[in-house]
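Undergrad: starting from these lines, generate the structure:
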Amino acid sequence: MVGGLRIGANKLNNRSHSKSGTDPGQSKSATQDDQGHHPLGQHPLLAGLTDAMPLRDMTPDQLQMVASEIRDVLCNLLATRTAHFASNLGVVELCLALHCEFDFRSDRLIWDTGHQIYPHKLVTGRYHDFASIRTQGGLMGYPNPHESEYDLFMTGHAGCSVSTAVGLRSGDKLRGEPNRKSVAVIGDGAFPSGIVFEALNNAGELGDDLTIVLNDNKMSICHRVGSVAQYLDRLRGTPLYSGLKSEVVKLLDRVPMFGDPAERLLAQMKEGVKAGLLGGMLFEELGIRYVGPIDGHDTTLLRKYLAMARETSGPVLLHVVTEKGHGYKPAAEDPVYFHTPPAFQEKSGEVITLKSDGNPAYTFHAREAIRKQMAADERVTVITAAMCQGNKLEPVREQFPDRFFDVGICESHAVAFAAGQCKTGLRPIVDIYSTFLQRSYDQIFQEVALQDLPVVFLLDRAGLTGPDGPTHHGLFDIGYMRVFPNMICMAPGYAGEVSMMLDAALQFEHASSIRYPKASALELDRAPSPIELGKSEVVREGTDGTIVAFGALLDQALEAAEQLAGELDIEVINARFVKPIDHEMVRRVIEADKFVVTVEEGAKMGGFGSAFIESAVEQRLDTRGVTVLAIPDEFIEHGDRNDLLHASSLSSAAIAEVCRDQSCASVAIQN
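TA: Below is the predicted model:
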């Protein structure tokens, strides 16, 4: 399959695919027990929803009961596994109101940064399968068109909802379906993204009917930053909001108008005064009607304003104020921790974490390496894009506030900003998830590599991110970073290398990247050998064949070698660099006339294995004994990281089996 997706939705009961639905009592979900009990509790209203249409006929009291059931499901889910939590608690009433006022079987709904999708899934026929969310073969933790007609795009990154909604509205008009409504729900944390303002600029010019719901909870994952956030705060805090403004607007609406010129002038004056009183001048000037702010937890009020926006001609921005973590006091008080908390239970009012993460993760070692460098060199800065918490940088922010920069969900700006700092003689570190850094590809090219500026990129979550799934797997950075001239690309194989690699990167005169996964870091008893540009490290001697591991799968390679002990004597090499690759190592292991297996937690296309083969071809070496193990050319579903590695032949057992096969093949070639 080309460009495919391993999708688990086909293993579920796909009730939500049919507009007519089925009786939920006629078939039992795989997530129910033998008595038909739902593992996340008993929720009669949710259990009866095969789609969202019955919500439209419910009373306010019934809708409040549905909201309570949704929050109960979410709390029960967090007793079983980590999941996005506070953001979903905050949009329950908004989700219900949207489905009451629109029919999203035909109307269009895009949830920006789709981790807030859980209530939407629960009311669109997926309650009976909800206990499977974020598990392999189960529901995805983000919108998934393969699951339901209610999901249009997989949205795991931030900012694109307005653009896609504008495009959907334009396409529906051109195809003769002008009555289909388009709605984009976007958070205030994602709102400053550059693409949002590109979309607003276009939407205002086109003038097509469109509803943009700005979900303002004063948060991204961490507390939001920037002047747009301050502008929204001013809109929320206007003293005219609660009383005087409504009376003035009513008075203005009663002012008579006489004659065409006078009518136009007075209309302009009225709209100007209204916008000044109501706030939202920024949007009004772009040609987008601003309404709000309104209480995002009052379902009746939300329905009233959504109905008004639905019937208003042209684009409307409805400013909705919500509380992240609403309905669960610990999450409301600490929405940062409860954004994606570990599995927990509450006992006597105390939150008890249920399981430990084991050895410290690579992210922890990267954070400590950053602190060390910033303490040693005042030129070193760190830049992140709304991921201070995800990158564990809170202690860095507290210790070095003047050299810590959170630019919001604006990855392109983060990289260009780093280039500007670098040009002045600073040594900026850009600490961003691998999959998010893709958004700044042009700036990596134009502002960093082309200028030959020594910006350091720390690529967190490089590899399989487990239950977060295809929108978050960091599988493509090897290919997209190593193609640029003036770029050095590294990956630590174990904990002790992280600090050493960052130290080396800050000494290089060219840009560099260091990739590491969302995983516990391997601890080796031996001291790391010094980092030498373009040189690998032998971590296990052997005579029958060689495994060359690039990055954190060194632990799987070493385990595979141990499993083969007594059968095969396997050498294990920690590659360290993909660019420049260790050409001498490539020549040595191939000319030994034994099999070679390369291993990496990244896409096979353009990855380390490709670089290894390229080096061999340039040196006119025989590559018949080389096997490349990497992520196949398809999008990988969500699931446990170890299970996904095994499915991709990257677990220790799978690597060992490949070595056995290649040993036999190598003997055949030699004979």
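Undergrad: which elements pack onto the longest strand seen in the chain?
TA: Longest strand in the chain, counting residues (DSSP state E): strand 595-603. With contacts taken as 3 or more Cβ pairs under 8 Å, 6 or more residues apart in numbering; DSSP states H and E, strand 595-603 sits against helix 477-482, strand 545-550, helix 608-618, strand 626-631, helix 652-670. (Glycine included, C-beta is placed from N, CA and C.)
Undergrad: direction included, what does the second one pair up with?
TA: Right, the one you point to is strand 545-550. strand 570-574 (parallel), strand 595-603 (parallel) (DSSP bridges).
Undergrad: which SS state does residue 97 fall under?
TA: Secondary structure, DSSP: H, G, I helix; E, B strand; the rest coil: residue 97 is helix.
Undergrad: leaving out chain neighbours, which residue sits closest to it?
TA: Nearest non-adjacent residue to residue 97, counting by Cβ to Cβ, 6 or more residues apart in numbering: residue 302, 3.6 Å away.
Undergrad: what does residue 186 give?
TA: That would be residue 112: by Cβ to Cβ, 6+ apart, it lies 4.0 Å from residue 186.
Undergrad: figure out the helix or strand that the residue nearest to residue 97 lives in.
TA: helix 299-311 (DSSP states H and E).
Undergrad: that helix - contacts with which helices or strands?
TA: Applying 3+ Cβ pairs under 8 Å, 6+ apart, one finds that helix 299-311 makes contact with helix 60-77, helix 92-101, strand 210-216, strand 289-295, strand 315-321.
Undergrad: can I get that helix as PDB, trimmed to CA atoms?
TA: Taking C-alpha atoms only, helix 299-311 is exported to PDB below (Å, rounded to 0.1, in the frame of the first residue of the first chain):
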ATOM      1  CA  THR A 299     -25.600  25.300  27.000                       C
ATOM      2  CA  THR A 300     -28.800  27.400  26.500                       C
ATOM      3  CA  LEU A 301     -26.800  30.600  26.000                       C
ATOM      4  CA  LEU A 302     -24.400  28.800  23.600                       C
ATOM      5  CA  ARG A 303     -27.300  27.500  21.600                       C
ATOM      6  CA  LYS A 304     -28.800  31.000  21.200                       C
ATOM      7  CA  TYR A 305     -25.500  32.500  19.900                       C
ATOM      8  CA  LEU A 306     -24.700  29.500  17.700                       C
ATOM      9  CA  ALA A 307     -28.100  29.800  16.100                       C
ATOM     10  CA  MET A 308     -27.500  33.500  15.500                       C
ATOM     11  CA  ALA A 309     -24.100  32.800  14.000                       C
ATOM     12  CA  ARG A 310     -25.600  30.100  11.800                       C
ATOM     13  CA  GLU A 311     -28.100  32.500  10.300                       C
END
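Undergrad: contacts for it next, please.
TA: Helix 299-311 is contacted from outside by 60, 63-64, 67, 93-94, 96-98, 100-102, 181, 211, 213, 291-292, 294-296, 316, 318, 320, using Cβ atoms under 8 Å, 6 or more residues apart in numbering.
Undergrad: whichever of these end up buried, select them in ChimeraX.
TA: Remark: buried members of the contacts of helix 299-311, expressed as a ChimeraX selection using 16 or more other Cβ atoms under 10 Å:
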select :63,67,93,94,96,97,98,100,101,102,181,211,213,291,292,294,295,296,316,318,320
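Undergrad: would you agree residue 469 is in contact with residue 142?
TA: Yes. In this structure, residue 469 is within contact of residue 142 by Cβ atoms under 8 Å, at 6.4 Å.
Undergrad: what angle do the helix holding residue 302 and strand 315-321 make?
TA: Orientation note: helix 299-311 sits at an angle of 170 degrees relative to strand 315-321 (axes from the mean of the first three to the mean of the last three Cα atoms, to 10 degrees).
Undergrad: now helix 299-311: buried residues?
TA: Buried, per 16+ other Cβ under 10 Å, within helix 299-311: 299, 302, 303, 305, 306, 309.
Undergrad: between those residues, which sits nearest residue 501?
TA: residue 302 (50.1 Å; Cβ to Cβ).
Undergrad: can you list the low-confidence ranges for the stretch 401-550 of the chain?
TA: By pLDDT under 70, the stretch 401-550 of the chain has no low-scoring segment.
Undergrad: all strands of it, in order?
TA: 404-406, 427-433, 456-460, 487-490, 511-515, 537-540, 545-550 (DSSP state E, counting those that start in this stretch).
Undergrad: lowest-pLDDT helix or strand in the protein?
TA: strand 4-5 (a mean of 44; mean pLDDT, DSSP states H and E).
Undergrad: could you point out which element follows that one?
TA: helix 44-47.
Undergrad: check which residues of that next one are buried.
TA: 45, 46.
Undergrad: please save the CA atoms from that helix in CSV.
TA: This file holds the C-alpha atoms of helix 44-47, laid out as CSV (Å, rounded to 0.1, in the frame of the first residue of the first chain):
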residue,chain,number,x,y,z
PRO,A,44,-28.0,5.5,29.8
LEU,A,45,-28.3,8.7,27.8
LEU,A,46,-24.9,8.3,26.1
ALA,A,47,-25.6,4.6,25.6
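Undergrad: tell me which other helices or strands it touches.
TA: By 3+ Cβ pairs under 8 Å, 6+ apart, helix 44-47 packs against helix 60-77.
Undergrad: what's in contact with the helix it packs on?
TA: 39-41, 43-46, 55, 58, 83, 85, 88-89, 92-93, 96, 100, 118-119, 122-123, 127, 130-131, 133, 299-300, 327-328, 346.
Undergrad: buried subset of those as a ChimeraX selection?
TA: Buried subset of the contacts of helix 60-77, written as a ChimeraX selection, criterion 16+ other Cβ under 10 Å:
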select :40,43,45,46,55,58,83,85,88,89,92,93,96,100,118,119,122,123,127,130,131,133,299,327,328
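Undergrad: helices of the stretch 151-300 of the chain, start to end?
TA: 161-174, 194-206, 227-237, 244-253, 260-278, 281-285, 299-311 (DSSP state H, counting those that start in this stretch).
Undergrad: pick out the shakiest of these, pLDDT-wise.
TA: Looking over these, mean pLDDT reaches its minimum on helix 244-253, with a mean of 47.
Undergrad: any idea of the pLDDT on the nearest residue to residue 118 once chain neighbours are set aside?
TA: In this structure, residue 118 finds its nearest non-sequential neighbour in residue 88, 4.2 Å apart by Cβ to Cβ, 6+ apart. Residue 88 is assigned a pLDDT of 85 by the prediction.
Undergrad: quick check: phi and psi on residue 88?
TA: Dihedral pair for residue 88: phi -70, psi -40, per degrees, to the nearest 10.
Undergrad: tell me the contacts of it?
TA: 74, 115, 116, 117, 118, 119.
Undergrad: including pLDDT, distance to residue 389 and secondary structure, could those residues go into CSV?
TA: Output for those, formatted as CSV (pLDDT from 0 to 100; distance: Cβ to Cβ, whole Å; DSSP: H, G, I helix; E, B strand; the rest coil):
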residue, pLDDT, distance to residue 389, secondary structure
74, 88, 20, helix
115, 84, 14, helix
116, 86, 17, helix
117, 90, 20, coil
118, 90, 20, helix
119, 92, 23, helix
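Undergrad: now, among those, which is nearest to residue 596?
TA: Using Cβ to Cβ, those come closest to residue 596 at residue 115, 40.9 Å.
Undergrad: picking up where we left off before, between the longest strand of the chain and helix 608-618, how many degrees?
TA: Using the same axes, to 10 degrees: strand 595-603 against helix 608-618 is 130 degrees.
Undergrad: what about strand 595-603, average pLDDT?
TA: Mean predicted confidence for strand 595-603 is 96.
Undergrad: and if you look at stretch 149-160?
TA: 84.
Undergrad: distance from the chain centre to it, please.
TA: Centre-to-centre, stretch 149-160 and its host chain are 11 Å apart (Cα atoms, centre = their mean, to the nearest Å).
Undergrad: ok, and for it, which residues are buried?
TA: 149, 150, 151, 152, 153, 154, 155, 156, 157, 158, 159, 160.
Undergrad: turn those residues into a markdown table, including distance to residue 473.
TA: Formatted as a markdown table, the buried residues of stretch 149-160 follow (distance: Cβ to Cβ, whole Å):
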| residue | distance to residue 473 |
| --- | --- |
| 149 | 25 |
| 150 | 24 |
| 151 | 19 |
| 152 | 21 |
| 153 | 17 |
| 154 | 12 |
| 155 | 15 |
| 156 | 10 |
| 157 | 12 |
| 158 | 17 |
| 159 | 19 |
| 160 | 18 |
